[in-house]
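In: Next comes the sequence, and after it the predicted model I'd like to discuss.
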Amino acid sequence: EIFAKSARTYETKFGLPGSEERIWRDACELKYLNDPSNKKQKPSKEMFKQVEETDEDCMDETRKVIRLAKDLFAASVNNDYSKLILSKAKLRAIGGTFGKNDKISDQKMWRVNSWFYLGLHYDAFGEYKESKKCMKMALRLCPSNGNGSDIIQILPLLHMSVRDWFDDDEFNIIDGNSHEKENSEKEKVDTPSGVTVDPIIVLSIRDSISKMKYDDLKNTLRIRGVSHTGPKEKLQTRLFNSLVGDVGLQ
């Protein structure tokens with residue numbers, strides 16, 4: 001409720017979309033709904049108060065990474081799997097892959113934002129192992145190691161501190177094993193639909209689809225106007241082919 005009110009206040013006062021406030025509002029709802037200890041408790045409407053509509057709802061967020069992060073969290077709340085999968089894949093592609101000794105340039109802080117919000121999203125769903133990897137990548141990208149004047153440089157450090165994720169793991173090679181397949185692919189990928197797509201996006205879409213339940217696959221295909229009958233493997237292939245064709249449209 002606090003974040004919903006903050007978004008409304010910001011948008012009314014400044015005439016700009018309160019994207020960060022909306023992201024945190026949605027993150028709170030997702031975190032609550034995915035906490036096993038809350039399964040027996042029905043949340044009240046006041047607990048997950050929506051942001052009141054304003055004229056700014058029609059405005060586009062001009063910051064690409066923040067727009068994708070907002071879409072990711074909003075789609076997760078609304079069970080919009082198509083937008084969820086594509087937003088997540090694009091954030092992952094912006095985050096990129098790099099080796100232990102690579103020099104990293106992130107002057108606009110797109111990559112650190114991408115990794116942080118991906119980590120926050122994984123955390124909201126209780127996927128702490130993946131969240132930890134993302135937060136470490138975000139922290140690695142902070143030139144001041146979490147002590148900068150920009151809040152985004154502080155958030156990964158705060159998150160890891162609260163979670164007590166500072167350990168003896170090799171910090172610089174956390175992407176070595178988990179993204180080995182990605183790092184081995186240097187060229188763009190031609191998908192079955194004829195669209196040339198970044199291999200990181202391809203892998204992210206495939207990974208997200210592999211975690212979907214059968215009914216969710218059917219409903220998502222039905223909404224997209226694609227045949228939704230048949231075994232799960234065929235539904236996964238159809239959804240993949242349909243989604244990669246939309247990568248350049250959002």
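Out: Sure, I can see it.
In: OK, contacts around Ile85?
Out: Contact partners of Ile85, counting by CB atoms under 8 Å, 6 or more residues apart in numbering, are 204-205, 208-209, 243. For glycine as for every other residue, the C-beta is placed from the backbone atoms N, C-alpha and C.
In: Among those residues, which ones are in strands?
Out: Applying DSSP state E to the contacts of Ile85, no entry is found in strands.
In: can you pick the most crowded of these?
Out: Leu243 (25 neighbours; other CB atoms under 10 Å).
In: what's the spacing between it and Lys234?
Out: From Leu243 across to Lys234, the span is 15 Å (CB to CB, to the nearest Å).
In: What segments of this structure are strands?
Out: 189-190, 196-197.
In: Can you list the strands that the last one pairs with?
Out: The reference is to strand 196-197. strand 189-190 (antiparallel) (DSSP bridges).
In: where does this structure have low pLDDT?
Out: Scanning the chain for pLDDT under 70 picks out the ranges 1, 39-59, 98-105, 143-149, 168-195, 248-250.
In: change it to 90
Out: 1-19, 32-63, 96-109, 138-154, 157, 165-199, 241, 244-250 (pLDDT under 90).
In: residue boundaries of the helices in it?
Out: Taking DSSP state H, the helices of the chain run over residues 2-14, 19-33, 64-78, 81-95, 110-124, 128-141, 151-163, 174-178, 180-183, 199-210, 214-223, 232-244.
In: between the contacts of Ile85, which is nearest Tyr32?
Out: The nearest member of those to Tyr32, counting by CB to CB, is Ser208 at 22.1 Å.
In: how far away is the closest one from Arg238?
Out: 15 Å.
In: And for Asn79?
Out: From Asn79 to Arg238 the distance is 19 Å (CB to CB).
In: which one of these two has more residues nearby?
Out: Taking other CB under 10 Å, Asn79 and Arg238 do not tie; Arg238 has more neighbours (20 against 10).
In: Surely the more buried one and Ser227 touch.
Out: Yes: counting by CB atoms under 8 Å, Arg238 touches Ser227, with 6.5 Å between them.
In: okay, and the common contacts of these two?
Out: What both Arg238 and Ser227 touch, as defined by CB under 8 Å, 6+ apart, is the set Leu221.
In: so who does the residue lying closest to Asn113 once chain neighbours are set aside touch?
Out: Of all residues not flanking Asn113 in the chain, Val65 sits nearest, at 4.4 Å (CB to CB, 6 or more residues apart in numbering). Contacts for Val65 (CB under 8 Å, 6+ apart) come out as 91, 94, 110, 113-114, 117.
In: okay, those residues in JSON lines with neighbour count and distance to Ala75 next?
Out: Listed next are these as JSON lines, based on neighbours: other CB atoms under 10 Å; distance: CB to CB, whole Å:
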{"residue": "Leu91", "neighbour count": "27", "distance to Ala75": "12"}
{"residue": "Ile94", "neighbour count": "19", "distance to Ala75": "17"}
{"residue": "Trp110", "neighbour count": "19", "distance to Ala75": "20"}
{"residue": "Asn113", "neighbour count": "24", "distance to Ala75": "18"}
{"residue": "Ser114", "neighbour count": "26", "distance to Ala75": "16"}
{"residue": "Tyr117", "neighbour count": "28", "distance to Ala75": "13"}
